[in-house]
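K.L.:
below: sequence and its predicted model.
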Amino acid sequence: MFNLLGSGLYFMVALTALLAAFMVRGDRVGDRIHWVGIAALYMGFAASRWFQIEVGLSSMLRETIRSAGAYGERASWQAPATVVLVVLLFALGWYFVSTWRRRSPGSRARAVFISRFAGIALLLFVGVRIASLHAIDKLIYSGGPIRLNYIIDLGLTGIVLAMAILYAYRSWQRGGGGNRRAPRR
């Protein structure tokens, strides 16, 4: 049930990103590439959820570690890996905060920036779930019916969806759609 709902949500984000790509005005080719990339990323997330690719990769990684005889000693490399992951997440957050002010003030430019940040963050988070680090798994999968895993996944996906809608709406307001240029005022 959750796989179907998750796949549907990811698919909806992909379609909305394609709409935003279609609404790109004139010479903003980088924005179009961005939204098509976001659509491809979320189609990949939808396929991964639907066909349970993430679960399969995680199981395959776990079996590879077991067959190498290193499963019992995984704590010796998982602790440093967790520290590296936390440092990477803080670096990504620092980059976001430090470059926010340098972005152009337009809502479309910020929508691209925020959705790019959220898409990368979700991609990293999926990587963490696949790697299945014990300390992280305890944190994200515990907590009853509302888990940190759901909050992060739905939150980042919701951000990308909202930014795609905002971009498409702002482009429509300015006369966008396809490759047409807005009339000069």
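P.N.:
In hand now; what should we look at? Numbering: from 1, shown residues only.
K.L.:
report the central residue of this structure.
P.N.:
Most central in the chain under Cα atoms, centre = their mean is Gly119, positioned 2.6 Å from the mean C-alpha point.
K.L.:
and that one, how far is that from Leu92?
P.N.:
Gly119 is 12 Å from Leu92, where distance means Cβ to Cβ, to the nearest Å. For the C-beta atoms, the positions are set from N, CA and C on the backbone; glycine is no exception.
K.L.:
before we move on, back to that, just confirm the residue nearest to the centre of the chain is within a strand.
P.N.:
No: counting by DSSP: H, G, I helix; E, B strand; the rest coil, one finds Gly119 to be helix, located in no strand.
K.L.:
ok, it - contacts?
P.N.:
Shown in contact with Gly119 (Cβ atoms under 8 Å, 6 or more residues apart in numbering): Ile38, Leu41, Tyr42, Leu156, Val160.
K.L.:
okay if I get those as JSON lines plus pLDDT?
P.N.:
JSON lines is the format used below for those (pLDDT from 0 to 100):
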{"residue": "Ile38", "pLDDT": "98"}
{"residue": "Leu41", "pLDDT": "98"}
{"residue": "Tyr42", "pLDDT": "98"}
{"residue": "Leu156", "pLDDT": "97"}
{"residue": "Val160", "pLDDT": "98"}
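K.L.:
just put those in CSV and tack on secondary structure and neighbour count.
P.N.:
Shown next, in CSV, are the contacts of Gly119 (DSSP: H, G, I helix; E, B strand; the rest coil; neighbours: other Cβ atoms under 10 Å):
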residue, secondary structure, neighbour count
Ile38, helix, 25
Leu41, helix, 19
Tyr42, helix, 26
Leu156, helix, 20
Val160, helix, 26
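K.L.:
just give me the closest of those residues to Ser115.
P.N.:
Nearest to Ser115 among the contacts of Gly119 is Val160, at 4.8 Å by Cβ to Cβ.
K.L.:
quick one: terminal-to-terminal distance for stretch 68-79?
P.N.:
19 Å (Cα to Cα, to the nearest Å).
K.L.:
tell me which residues of it come out buried.
P.N.:
With burial defined by 16 or more other Cβ atoms under 10 Å, the residues of stretch 68-79 counted as buried are Arg74, Gln78.
K.L.:
swap in stretch 98-111?
P.N.:
Of the residues in stretch 98-111, those buried (16+ other Cβ under 10 Å) are Arg108, Arg110, Ala111.
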